[in-house]
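J.: Please find the sequence and the predicted model below.
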Amino acid sequence: MSTISQHLIDEVRLASDVVAVVSDYVTLKKSGRNFFGLCPFHPEKSPSFSVNPDKQIFHCFGCSAGGNAFTFVQRQQGISFPEAVRLLAKRAGIAIPEPEAEDATAAKEKDALYFVNNLAAEFFQQMLFSEAGRPAREYMHKRGFNDEALRAFGIGYAPQKWEELTQYAAKKSVNLDVMVLAGLINKRDSDSSRGSGHYDRFRHRVMFPIYNLAGSVVAFGGRRLGDDADSPKYLNSPETPIYHKGTVLYGLYQGRDAVKAADRVIVVEGYLDLMRMHLCGFQNAVATSGTALTEQQARLILRYTKNVTLLFDSDTAGQSATLRGADILVENGLAVAVATLSAGDDPDSFLTKNPPAAMQQILQNAPPLLEFKILNGASAKTKEKDQGAQQVATEHSIAETLARVQDGLERQALVHKMAERLRMDEGVLWEQVKLRRVQYSRVGARRGADRKAENKPSWRELPTVGRSYTERCRAAEEELIRVMVLHAGAARFIFSFMRVEDFHDPEMRALAGVFHRLWDDGLLRETTGYVDAEDLLQYFTEPRQAEFVSRTFYAYTVPMGGENGAEDEEQTPALEIDYRRWSADCMARLLRLKKEEDVQNLREQLKTREKSGGEVAELMQQFIEYQEQLKRIRPESFLEA
């Protein structure tokens, strides 16, 4: 895929307001000059995610994620910088040359997968509205979905022949290995009676494209036509580098604005259920595609709302799956209600027979999860057991949910309420809840350990003993990068004494390399003094680098309030930066660390020489000279140079 020219990147950046971009994924509220919302990159209940429209940057005070619009999309979608540019260009209506079909083999793996999935989606829809697609159209029409609805959801048809899609892709010069990786075609075994080559994975099926939040097709679900008992009723794409079924919700791409507007999401099970809900006015519905809800999906929902109504079949299997997924939602801070339909109905069949008002009534009367568990028992399985066994099962199920509640005060109030509802001793219920929380805390401890590993303490908190030279240098190197972030003249001063190679920490060396290139190319406008955040961030295309830069901007700016309080606040430099003195202090610290490392190495040489009985006079003289040099290292040496 060809490189995107800088002028196009600049055009996309200027057309992509960071508040508008972030608002596509996060509900933001204005406070003063900034906007705040729940961070999409870590679970939280109080908003710590800030978006600054003046600087065109974002920053989370909880997990330190930060950057500009490009960085946000990279992290949010898990894509590369070029992919983020293309996505935002599409959003802004800016044309960027797409790779030709024959170039797909040279594209990165994810680029190629997006390409072939979108190609397949176009093919399937062409087939649906061709003569070959008549059986699929008639099936969907019979189910009550007209052509307009089919086009709106991108519904298609996979032909009955074995190699239709394979041959179509081959004519487009698409690499068939990419098609195999995407789960669109399969490779024949060497002993196949049909010979070698490839064949279509989906045949004679109604095809439901699954979109990510960027509007790209990442996978498909195929509904069987006919009564082939040897073939599954639904066949889904396998997991790929761009599709993990536990991280996607069918219909969220089309319905996320409605979810935010309603401040509630309705979760159904199947593709047709979702389509029927949307067509009947419930655009805030999403579907799990027949799988149990996951923690990743819970966090996905949390970006748009805290309120969830689960709407599933009333059969035993459906209710059990509902309860398993509901506890995961509770654990992630979501308020869950559960709506059930009459026996034998699903959302599609119910809305086919009843007006939307009837569904609305069911949704409005949906009890909270804990109340639902009491009213319906732990699960449908318990209905065949005696009353005592059912009571015990219900108590255990209630305890499971209570243990997932993260807020201590809320959990305490709910335990008291549920003990009264169940007519059981509150202390007994507490013991059950505590036991389960101990089990969950072990998992949480492992997660916490991972987070601590990512958030390393500062150099002042780290003991010198046992730390490598590179680790001891990192703090001072970080400070040098920070001063270059904040003041345009700092790079010239620093690089008059140091080389990029003198930064020993790999991350800091990479950041220093960017600043050196900017200084060398004359892109740091030293006469302007303080650096403009928006201008600088465009040069840092790696999310971790952009995160460091944005974190620095936020750390060294303070709100300036006026007579109108928050409405007058403005992010301005927190202090007048003497960048020369700041840089000199850091460089003196690094020089001292280097000399201390030399002294330590010399001390080891002296020990070795003494043990072997060798001459140590020359080494002792050098040791004394190093000690004297250490005493002479001071910041003023750099300022006076």
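T.: Right, received. Where do you want to start?
J.: R632: neighbouring residues, count only.
T.: Counted with other CB atoms under 10 Å, the neighbours of R632 add up to 8. All C-beta atoms are positioned from the backbone trio N, CA, C, and that covers glycine.
J.: Enumerate every residue touching it.
T.: By CB atoms under 8 Å, 6 or more residues apart in numbering, the contact set of R632 is empty.
J.: Now do T166 against A132, distance only.
T.: 15 Å (CB to CB, to the nearest Å).
J.: Comparing these two, which residue is more hemmed in?
T.: T166 (22 against 16).
J.: that's a strand at H42, yeah?
T.: No. Counting by DSSP: H, G, I helix; E, B strand; the rest coil, H42 is located in no strand; its state is coil.
J.: Skipping its backbone neighbours, what lies nearest it in space?
T.: Excluding the flanking residues, the one nearest H42 by CB to CB, 6 or more residues apart in numbering is C63, at 4.3 Å.
J.: count of residues packed around the one you found?
T.: 18.
J.: What separation do you get for it and F124?
T.: 40 Å.
J.: can you count the residues close to the closest residue to C280 other than its chain neighbours?
T.: Using CB to CB, 6+ apart and skipping the chain neighbours, the partner closest in space to C280 is P356 (4.5 Å). A total of 13 residues lie near P356 under the criterion other CB under 10 Å.
J.: Check whether E164 really touches F202, as I assumed.
T.: No. Using CB atoms under 8 Å, E164 is not in contact with F202, being 9.9 Å away.
J.: Neighbour count for those two, which is higher?
T.: Neighbour totals were compared for E164 and F202, and F202 leads with 26 against 19 (other CB under 10 Å).
J.: ok, now which ones touch the more buried one?
T.: Counting by CB under 8 Å, 6+ apart, F202 touches A158, L165, L184, F220, G222, L235.
J.: Could I get the pLDDT score of it?
T.: Per-residue confidence (pLDDT) for F202: 95.
J.: can you check R75 too?
T.: In this prediction R75 is given a pLDDT of 84.
J.: which residues sit in contact with it?
T.: F41, A65, G67, P543.
J.: so where's the stretch 51-200 of the chain shaky on pLDDT?
T.: Where the stretch 51-200 of the chain drops to pLDDT under 70, the residues are 98-108, 190-196.
J.: Just to check, A490 is in contact with M484?
T.: Yes. Assessed by CB under 8 Å, A490 is found in contact with M484 at 4.6 Å.
J.: So if I had to pick from the two, which one is more boxed in?
T.: M484 (30 against 25).
J.: Three-state assignment for the residue most central in space within the chain, please.
T.: Central residue of the chain (CA atoms, centre = their mean): Q76, 4.2 Å from the mean position. In three-state terms, and counting by three-state DSSP, Q76 is helix.
J.: ranges for the helices of the stretch 501-641 of the chain?
T.: 506-520, 533-537, 543-555, 579-612, 617-632, 636-639 (DSSP state H, counting those that start in this stretch).
J.: among those, which gets the worst mean confidence?
T.: helix 533-537 (a mean of 74).
J.: Can you spell out which helices and strands pack onto that one?
T.: strand 57-60, helix 543-555 (3 or more CB pairs under 8 Å, 6 or more residues apart in numbering; DSSP states H and E).
J.: again, 10 Å this time
T.: helix 6-15, strand 57-60, helix 69-77, helix 469-486, helix 506-520, helix 543-555 (3 or more CB pairs under 10 Å, 6 or more residues apart in numbering; DSSP states H and E).
J.: and that helix, how far from the chain's centre?
T.: Here the centre of helix 533-537 is set off from its chain's centre by 23 Å, with CA atoms, centre = their mean, to the nearest Å.
J.: just to revisit the earlier point, looking at the helices and strands packed on helix 533-537, which is buried most?
T.: With neighbours defined as mean count of other CB atoms under 10 Å, the helices and strands packed on helix 533-537 peak in mean count at strand 57-60, which reaches a mean of 26.
J.: Run me through the strand neighbours of that one, direction for each.
T.: strand 49-52 (antiparallel), strand 66-67 (antiparallel) (DSSP bridges).
J.: Between the ones you listed, which one is closest to V428.
T.: V428 lies closest to strand 49-52 among the strands paired with strand 57-60, at 40.5 Å (CB to CB).
J.: closest one to A335 among the helices and strands packed on helix 533-537?
T.: Across those, A335 has its closest neighbour in strand 57-60 (23.1 Å, CB to CB).
J.: What does V338 show for phi and psi?
T.: phi -130, psi 120 (degrees, to the nearest 10).
J.: hey, what's in contact with both of E164 and F202?
T.: Common neighbours of E164 and F202 (criterion: CB atoms under 10 Å, 6 or more residues apart in numbering): F124, A158.
J.: which residues does I79 contact?
T.: When contacts are counted by CB under 10 Å, 6+ apart, I79 is found next to V73, V85, R86, L87, K108, K110, D111, Y114, N212, A214, S216, I242.
J.: Just confirm it is within a helix.
T.: No. Per three-state DSSP, I79 lies outside any helix segment and is coil.
J.: ok, it to T71 distance?
T.: Taking CB to CB, one finds I79 at 11 Å from T71.
J.: domain assignment for this structure?
T.: The chain is divided into the following domains under automatic domain parsing: 6-92, 101-243, 247-366, 381-455, 464-531+578-632.
J.: Can you lay out these as JSON lines showing distance to E640?
T.: Listed next are these as JSON lines, based on distance: least, CB to CB, whole Å:
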{"stretch": "domain 6-92", "distance to E640": "36"}
{"stretch": "domain 101-243", "distance to E640": "51"}
{"stretch": "domain 247-366", "distance to E640": "54"}
{"stretch": "domain 381-455", "distance to E640": "38"}
{"stretch": "domain 464-531+578-632", "distance to E640": "10"}
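J.: for those domains, which one sits closest to F548?
T.: Of all the domains of the chain, domain 464-531+578-632 sits nearest to F548, with 6.6 Å by CB to CB.
J.: how far does that closest one sit from the chain's center?
T.: 36 Å.
J.: now do stretch 536-550
T.: Counting by CA atoms, centre = their mean, stretch 536-550 comes out at 17 Å from the chain centroid.
J.: could I get it in CSV with only the CA atoms?
T.: Below are the C-alpha coordinates for stretch 536-550, written out as CSV (Å, rounded to 0.1, in the frame of the first residue of the first chain):
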residue,chain,number,x,y,z
LEU,A,536,3.9,18.7,18.0
LEU,A,537,1.6,15.7,18.4
GLN,A,538,1.3,15.2,14.6
TYR,A,539,4.9,14.0,14.5
PHE,A,540,4.4,11.2,17.1
THR,A,541,2.5,8.4,15.4
GLU,A,542,3.2,5.7,18.0
PRO,A,543,0.5,5.7,20.7
ARG,A,544,2.9,5.3,23.6
GLN,A,545,5.0,8.3,22.3
ALA,A,546,1.9,10.4,21.8
GLU,A,547,0.7,9.4,25.3
PHE,A,548,4.0,10.6,26.9
VAL,A,549,3.7,13.9,25.0
SER,A,550,0.1,14.6,26.0
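J.: Just give me the closest of the contacts of I79 to E507.
T.: V73 (22.1 Å).
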